[in-house]
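In: Next one to model:
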Amino acid sequence: MNPATRILRRAAFFTTMAAWAYGAAAGQPPAAAAGSEFKMPDWLTDLSFGVKETYDDNILLVAGKSTAANPAALSPQDSWITTVSPKIGFDFAPGLGDQKTFQTLSLVYAPDFVLFHEMPAENYNAQRIGNKIKGQTGNFSGAVDSDFLFNDGSRTAPTYGLGSAADQGDKCGSAFAPAMVRERLKQIQERATVLLQYDTELFFIRPTASLLYYDFMTDWHANTSGPYTGYQNFTDRTDVNGGADWGYKMTSTLAVTLGYRYGHQYQQAFTPDIYNITVNQHPMQSSSDYQRVLLGLEGKPWKWLTVKLAGGPDFRDYNPGAPVIDDHPVTYYGEAVLTATLTPSQTVTFNYKQWQWVSSVGRVPYFDSNYALTYHWNFTQKLGLDLGGKFQEYDYTSGSAILSHNSSLRDDALYTVSAGVSYAFTAHFTAGLAYACNLGRNLEPNLPASLYPEYREFNQQTISISAKYKF
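Out: Numbering: from 1, shown residues only. As a prediction, the model looks like this:
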């Protein structure tokens with residue numbers, strides 16, 4: 001069956017589903033008309049069911065430029081993807097009676113069940129649990145945010161199959177290809193932040209800690225020869241830090257901050273049967289300690305603008321086995337969120353982050369840059385429009401030549417544009433249509449022909465239609 005026919009059949013199927021769901025949502029049974037419509041209790045904050053059908057024209061994000069010198073290069077593979085997303089959320093704070101200490105005691109379970117119809121090996125179930133605690137007593141306030149993910153996906157990572165090169169990691173294509181494919185493999189992720197704040201009229205002090213944890217459960221295979229030539233191995237990685245911010249309140253709604261963080265990044269080392277590479281007689285891995293000094297601004301300089309930003313130097317201390325040019329570099333850390341309310345129905349949000357991070361493929365650490373701009377417009381009470389643009393860069397050029405495989409000759413970029421519309425047929429039923437285009441590009445000008453510069457670039461387009469019923 002050709003792609004055009006598959007697209008038409010899928011679209012017809014999903015349109016029928018959406019029409020059926022809308023009819024069920026719009027049709028009010030006699031009991032409801034009599035005033036017995038289901039009403040969720042206060043502690044049940046979310047109960048919904050969503051379905052999304054997506055067409056992806058390049059599942060593995062490859063260039064697909066097979067040549068005589070590189071005959072095993074993968075070609076783009078397309079697939080329809082069905083995602084089923086139930087969700088249930090609780091907030092136990094209302095059940096504590098007449099108290100003001102805890103504003104939020106929430107727990108949310110939001111799994112995704114994902115089926116790749118043309119590539120079933122990519123199927124996965126994402127089990128997500130989020131909880132949030134927020135409270136205040138007197139001048140003290142605090143919050144705990146935690147997001148846990150267990151991804152029940154394949155234990156077999158992609159095999160890019162690029163001949164018998166000595167170092168497949170340099171030739172697997174754009175760094176964004178394994179990074180995006182990796183997210184649907186078997187793994188555990190945990191993101192958590194904890195903060196406690198003490199306020200006075202003129203200043204505040206805020207101790208804080210954060211955790212970013214990845215436990216990849218995919219199999220390892222030697223990938224320089226044999227049946228797993230070109231196989232992509234992944235290593236566990238963690239970032240944990242703690243510190244405090246001191247804030248001076250310039251106005252009642254705007255504060256300047258000065259912060260300090262001490263942290264550690266961990267990267268798992270491969271066993272010798274996978275990569276028998278040592279640095280300074282140590283197994284190669286890029287774990288490090290760091291200290292950061294951050295100057296920031298947060299609050300509302302004007303009624304229509306909300307800002308939270310911080311940035312400053314990052315003083316790094318790598319372990320002896322790190323394949324880097326400088327074991328004690330000074331890099332930069334920055335993050336920001338700015339939200340502008342242009343009108344009551346239009347908002348623009350800018351997100352930004354730059355930082356040094358360890359690679360999930362177990363090699364050179366990289367400088368990770370993210371810039372994202374989104375626009376939302378409630379055209380009417382029922383019709384919404386979303387537009388987005390994003391730029392990401394993975395810069396590995398801080399790596400040393402000790403690996404002798406040009407691993408530091410990598411600077412990849414990803415350009416993304418997206419658009420979507422949503423329509424609320426009823427207070428309970430919403431449908432949407434979305435499109436996204438990803439362009440992976442090589443930014444390293446000195447890449448030799450032997451590393452196939454053309455294979456580090458890819459194009460990917462996705463289009464999806466979704467329906468959600470919220471009780």
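In: Identify the residues contacting residue 466.
Out: Neighbour list for residue 466: 50-53, 431-434 [criterion: CB atoms under 8 Å, 6 or more residues apart in numbering]. C-beta coordinates here come from the backbone N, C-alpha and C atoms, glycine included.
In: Please pick the buried ones from the residues you listed.
Out: Among the contacts of residue 466, the ones that count as buried by 16 or more other CB atoms under 10 Å are 50-53, 431-432, 434.
In: Quick check: of those, which lies closest to residue 271?
Out: residue 52 (39.4 Å; CB to CB).
In: Would you mind measuring from that closest one to residue 83?
Out: Residue 52 sits 4 Å away from residue 83, going by CB to CB, to the nearest Å.
In: re the thing from before, can you flag which of the contacts of residue 466 belong to helices?
Out: Mapping the contacts of residue 466 onto helices (DSSP state H) picks out no residues; all lie outside.
In: Could you dump the residues you listed into TSV with distance to residue 444 and pLDDT added?
Out: Shown next, in TSV, are the contacts of residue 466 (distance: CB to CB, whole Å; pLDDT from 0 to 100):
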residue	distance to residue 444	pLDDT
50	40	98
51	41	98
52	36	98
53	37	98
431	43	98
432	38	98
433	37	98
434	32	98
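In: Can you redo the buried ones among the contacts of residue 466 as TSV, where the extra columns are distance to residue 460?
Out: Output for the buried ones among the contacts of residue 466, formatted as TSV (distance: CB to CB, whole Å):
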residue	distance to residue 460
50	23
51	22
52	17
53	17
431	24
432	20
434	14
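In: Sitting in strands, which of these do you find?
Out: Applying DSSP state E to the buried ones among the contacts of residue 466, the entries found in strands are 50-53, 431-432, 434.
In: Pick out the most distant pair among those.
Out: Longest span within those, CB to CB: 51 and 434, 13.7 Å.
In: Torsion angles phi and psi at residue 233?
Out: phi -90, psi 150 (degrees, to the nearest 10).
In: which residues of the stretch 101-250 of the chain fall in strands?
Out: 102-109, 112-116, 124-137, 140-152, 187-199, 203-216, 237-249 (DSSP state E, counting those that start in this stretch).
In: export these to a markdown table and tack on distance to residue 301?
Out: Shown next, in a markdown table, are those (distance: least, CB to CB, whole Å):
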| stretch | distance to residue 301 |
| --- | --- |
| strand 102-109 | 26 |
| strand 112-116 | 38 |
| strand 124-137 | 24 |
| strand 140-152 | 22 |
| strand 187-199 | 19 |
| strand 203-216 | 17 |
| strand 237-249 | 13 |
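In: what would those strands look like in a markdown table with mean neighbour count, distance to residue 279 and mean pLDDT?
Out: Below are these laid out as a markdown table (neighbours: other CB atoms under 10 Å; distance: least, CB to CB, whole Å; pLDDT from 0 to 100):
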| stretch | mean neighbour count | distance to residue 279 | mean pLDDT |
| --- | --- | --- | --- |
| strand 102-109 | 17 | 43 | 96 |
| strand 112-116 | 18 | 39 | 98 |
| strand 124-137 | 16 | 34 | 97 |
| strand 140-152 | 16 | 31 | 97 |
| strand 187-199 | 16 | 26 | 98 |
| strand 203-216 | 16 | 22 | 98 |
| strand 237-249 | 17 | 17 | 98 |
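In: between these, which gets nearest to residue 286?
Out: For those, the distance to residue 286 is smallest for strand 237-249, at 9.1 Å, taking CB to CB.
In: Need the CA coordinates for the closest one. CSV is fine.
Out: What follows is strand 237-249, C-alpha atoms only, in CSV (Å, rounded to 0.1, in the frame of the first residue of the first chain):
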residue,chain,number,x,y,z
ARG,A,237,23.8,9.7,33.4
THR,A,238,22.8,11.9,36.3
ASP,A,239,23.0,15.6,37.3
VAL,A,240,22.4,16.5,41.0
ASN,A,241,23.0,19.9,42.7
GLY,A,242,22.1,22.0,45.7
GLY,A,243,22.6,25.5,46.8
ALA,A,244,20.7,28.7,47.6
ASP,A,245,19.5,32.0,46.1
TRP,A,246,19.5,35.3,47.8
GLY,A,247,16.9,37.8,46.5
TYR,A,248,16.5,41.5,46.8
LYS,A,249,13.0,42.9,46.2
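In: packing partners for the following helix or strand past that strand?
Out: Past strand 237-249, further along toward the C-terminus, the next helix or strand under DSSP states H and E is strand 254-267. If you count contacts as 3 or more CB pairs under 8 Å, 6 or more residues apart in numbering; DSSP states H and E, strand 254-267 packs onto strand 237-249, strand 288-302, strand 305-318.
In: Report the mean confidence score over the helix or strand following strand 254-267.
Out: Sequence-wise, the next helix or strand downstream of strand 254-267 (DSSP H and E) is strand 278-279. Mean per-residue pLDDT for strand 278-279: 82.
In: How about stretch 381-401?
Out: Here the average pLDDT along stretch 381-401 is 92.
In: Could you do stretch 76-96 as well?
Out: Rounded mean pLDDT across stretch 76-96 is 95.
In: got it, and stretch 295-314?
Out: The average pLDDT for stretch 295-314 rounds to 98.
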